[in-house]
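Trainee: quick one, fold the following:
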Amino acid sequence: MAHNRGQGNADRAEPSAADLRRWRQHLANERAEAAVYRDLAQRRTGEDRDILLALAAAEGRHEQFWLALLNEDVGKPRRSDIRSRTLGFLARHFGSVFVLALAQRAEARSTYDADADATATMAADERIHGEVVRALATQGRSRLSGGFRAAVFGANDGLVSNLALVLGISASGVSNHTVLITGLAGLLAGALSMAAGEYVSVSSQRELLAASTPDPQAGAAVPALDVDANELALVYRARGMSEKDAMNHAAIVLGAQPDAPNHQFGSTPTESTQNEAIGTGLQAALSSFCFFGSGALIPVLPYLFGLQGVVALAVAAILVGVALIGTGVIVGLLSGGPPLRRALRQLLIGYGAAATTYLLGLLLGTGLS
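Mentor: Prediction:
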């Protein structure tokens, strides 16, 4: 039964049992979401805490809407849906960027746009809430992204490359001992190579950023500049300002207190965020080494435990498949994307590479024999 948005209870037709169930579920979900934001706020300070409490208050307003709509039919409190309960548990016990990423997805799944009984304002609120949570989660994603990128790439490379190596060598018809030694050698060589590559890559990127960062000592020269020549304007023009804007900004800086312009030459917030997101070379190298090694160990486990032939290959493929699904889900959750789609993508890519190598191993084994 549809109802017109924004009308008072007196103008509404008698709600059906399905309407009451739906309203009660909305009420339970709003209460759960408000609790999630309050729990997250307890683990934060400053502006983040205030923002989360404001989100909780907004969910509270939605709760009051459904209470007023239900009136005497509110009934016994319903349990929120499984997603909201899971989110609440994580918020109470962890309060990490994963929870914010899940909360972002929860806001994006709001059905108020298609619900005839929800107001247009409530639907707009949920959409904006998603953007607020996205911004909060972005801060955590930036802090994670350097080491996390290396960890994800390392784990996936270890899983896929060593599975492909083990399958290819096995298909060529060599002994189990040779497969095991080859797998362990691939683990160590790949982990060291990944660590070295990540160290060089991240260190080089940080050095490039450092070379582009304004010299903080240059600010000391500002008070001695010729005001009429206004050399300072060239700095701002080189940074992308128009000539007029650069001249105006330079005039303001030159007219300020002697110690005021120094900050003009320091690292910008964007540069600081970039350095934070990239991480350090050592951090990336250690993450790559550990996660590549842990990923590359999985295809070798069946051979370490004495399995042989097709059984060992099947067990290795299944273990790697489970691990690939796990990494795909984690990436999906952190990115705010659909976890299942990310998991299937990881699985198909990994199995595709391994299957190709296995076929080449068969061809190589046939040719040698």
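Trainee: quick check: which ranges of the stretch 251-369 of the chain have low pLDDT?
Mentor: Applying pLDDT under 70 to the stretch 251-369 of the chain flags residues 254-280, 333-337, 365-369.
Trainee: quick one: the helices in it?
Mentor: Applying DSSP state H, counting those that start in this stretch to the stretch 251-369 of the chain gives helices spanning 269-278, 281-297, 301-304, 309-335, 339-368.
Trainee: need the winner for burial among those helices.
Mentor: Highest mean neighbour count among the helices of the stretch 251-369 of the chain (mean count of other C-beta atoms under 10 Å): helix 281-297, with a mean of 23. From N, CA and C alone the C-beta is placed, and that goes for glycine too.
Trainee: still on that earlier bit, TSV for the helices of the stretch 251-369 of the chain, including distance to Ala28?
Mentor: Shown next, in TSV, are the helices of the stretch 251-369 of the chain (distance: least, C-beta to C-beta, whole Å):
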stretch	distance to Ala28
helix 269-278	38
helix 281-297	40
helix 301-304	44
helix 309-335	23
helix 339-368	24
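Trainee: mind checking those helices for the one nearest to Ala155?
Mentor: When the helices of the stretch 251-369 of the chain are compared for distance to Ala155 using C-beta to C-beta, the nearest one is helix 281-297, at 4.1 Å.
Trainee: need the contact partners of the closest one.
Mentor: With contact meaning C-beta atoms under 8 Å, 6 or more residues apart in numbering, helix 281-297 is reached by 146-159, 161-162, 183, 186-188, 190-192, 194-203, 206, 323.
Trainee: would you list the buried entries among the residues you listed?
Mentor: Burial by neighbour count, 16 or more other C-beta atoms under 10 Å: within the contacts of helix 281-297 this picks out 146-159, 161-162, 183, 186-187, 190-191, 194-195, 198-199, 201-203, 206, 323.
Trainee: which ones among these are found in helices?
Mentor: Secondary structure assignment by DSSP state H places 146-159, 161-162, 183, 186-187, 190-191, 194-195, 198-199, 201-203, 206, 323 of the buried ones among the contacts of helix 281-297 in helices.
Trainee: next, the contact list for Ala58, please.
Mentor: Contacts of Ala58 by C-beta under 8 Å, 6+ apart are Asp125, His129.
Trainee: domains of the chain?
Mentor: The chain breaks down by automatic domain parsing into domains covering 9-140, 144-203+282-368, 214-266.
Trainee: would you map the helices across the stretch 1-150 of the chain?
Mentor: Secondary structure of the stretch 1-150 of the chain by DSSP H, counting those that start in this stretch: the helices cover 17-42, 46-70, 82-93, 97-108, 120-171.
Trainee: want to throw those helices into a markdown table with mean pLDDT and distance to Thr356?
Mentor: Conversion of the helices of the stretch 1-150 of the chain to a markdown table gives the following (pLDDT from 0 to 100; distance: least, C-beta to C-beta, whole Å):
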| stretch | mean pLDDT | distance to Thr356 |
| --- | --- | --- |
| helix 17-42 | 87 | 44 |
| helix 46-70 | 89 | 47 |
| helix 82-93 | 65 | 38 |
| helix 97-108 | 73 | 33 |
| helix 120-171 | 79 | 8 |
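Trainee: can you put those helices in JSON lines and add distance to Gly293?
Mentor: Output for the helices of the stretch 1-150 of the chain, formatted as JSON lines (distance: least, C-beta to C-beta, whole Å):
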{"stretch": "helix 17-42", "distance to Gly293": "34"}
{"stretch": "helix 46-70", "distance to Gly293": "36"}
{"stretch": "helix 82-93", "distance to Gly293": "29"}
{"stretch": "helix 97-108", "distance to Gly293": "24"}
{"stretch": "helix 120-171", "distance to Gly293": "6"}
